[in-house]
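Trainee: output the structure for:
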Amino acid sequence: MAFPVNVPNVPGVPSVLFASGARQILSYLTSDALGIFGGALLQQPWGIYLGGAPIILCDNVASFDYRQQWSISDFPVERGAFQSYDKVQIPFDARFRFSAGGSEANRQAFLASIAAVAGDLNLYTVVTPDAIYPSVNITHYDYSRSANNGAGLIVVDVWTLEVRETVGAAMSATQSPTSASQVNGGTVQATSASSLQEAKAGSIRSSGGRLAA
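Mentor: Numbers count the residues shown, from 1 in each chain. Prediction:
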């Protein structure tokens, strides 16, 4: 549906041709910008979560970056050439830019929520409307304030890195006993020495040796 635009037909006002869908396009652009910078945060999830709840008390999410890389190993061969032989996926990293303004107490709570989780070992989930990235930990955050920037609005960059949990393989029925993994059998109870062990200990004492503690 096209909306009429009231442009006065007076001297000095140029004749402008308005497209019928111009206002709708402008509405789409505006809503998209508001969606990332805070307008749609009430309906769509953006942020770092733990147990379904956000861990950073921000007003807006200004930007989000995701990076996934692979490493290709190579080694030298004859005549100065190189040959690639493997491709390994590197843990991804996701970066948020959060902002908070308003009262001083609101900004203090914002910074405190970041500082409280930046140094822990918990595994969090990066949540966006389009994708979810589990098992991350915070590795970095920074912000700056100056006389002409950040006086009433604090913008903080928070970096996260994927943490991959692995379980070590233990072999029980191996061909060689030396190939089996070490097993912790719990607390070992002390037992009395045998007659042979007592005899060996006596010979050590008589020769001036010292028993190990």
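Trainee: would residue 105 count as being in a strand?
Mentor: No. Under DSSP: H, G, I helix; E, B strand; the rest coil, residue 105 sits outside any strand and is assigned helix.
Trainee: so it versus residue 112, what's the distance?
Mentor: Residue 105 sits 10 Å away from residue 112, taking C-beta to C-beta, to the nearest Å as the criterion. Placement of C-beta: from N, CA and C, glycine included.
Trainee: ok, how many other residues are close to the closest residue to residue 162 other than its chain neighbours?
Mentor: Distance criterion C-beta to C-beta, 6 or more residues apart in numbering; nearest residue to residue 162, sequence neighbours excluded, is residue 91 at 3.7 Å. Residue 91 has 12 neighbours, counted by other C-beta atoms under 10 Å.
Trainee: please renumber the chain so that the first residue is 43 from this point on.
Mentor: New numbering, starting at 43: the last item is residue 133.
Trainee: burial of residue 127, as a residue count?
Mentor: 9.
Trainee: in which helix or strand would I find it?
Mentor: According to DSSP states H and E, residue 127 maps onto strand 124-142.
Trainee: which parts of that strand are buried?
Mentor: Residues 135, 136, 137, 138, 139, 140, 141, 142 are the ones in strand 124-142 that count as buried (16 or more other C-beta atoms under 10 Å).
Trainee: which of those residues sit farthest apart?
Mentor: Greatest spatial distance in the buried residues of strand 124-142: 135 and 142, 22.9 Å, computed using C-beta to C-beta.
Trainee: can you pull out the helices in this structure?
Mentor: Applying DSSP state H to the chain gives helices spanning 64-79, 146-160, 237-248.
Trainee: and the strand holding residue 127, what does it pack onto?
Mentor: strand 89-92, strand 102-118, helix 146-160, strand 174-185, strand 196-204 (3 or more C-beta pairs under 8 Å, 6 or more residues apart in numbering; DSSP states H and E).
Trainee: turn those into TSV, including mean neighbour count.
Mentor: Output for these, formatted as TSV (neighbours: other C-beta atoms under 10 Å):
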stretch	mean neighbour count
strand 89-92	18
strand 102-118	12
helix 146-160	14
strand 174-185	15
strand 196-204	19
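Trainee: residue 240 is nearest to which of these?
Mentor: Among the helices and strands packed on strand 124-142, the nearest to residue 240 by C-beta to C-beta is strand 174-185 (55.9 Å).
Trainee: sheet partners, orientation included, of the closest one?
Mentor: strand 166-169 (antiparallel), strand 196-204 (antiparallel) (DSSP bridges).
Trainee: ok, back up a step: ok, so of the buried residues of strand 124-142, who is nearest residue 129?
Mentor: Using C-beta to C-beta, the buried residues of strand 124-142 come closest to residue 129 at residue 135, 18.6 Å.
Trainee: that older thread, now the helices and strands packed on strand 124-142 as a markdown table including distance to residue 124?
Mentor: Below are these laid out as a markdown table (distance: least, C-beta to C-beta, whole Å):
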| stretch | distance to residue 124 |
| --- | --- |
| strand 89-92 | 40 |
| strand 102-118 | 5 |
| helix 146-160 | 40 |
| strand 174-185 | 32 |
| strand 196-204 | 29 |
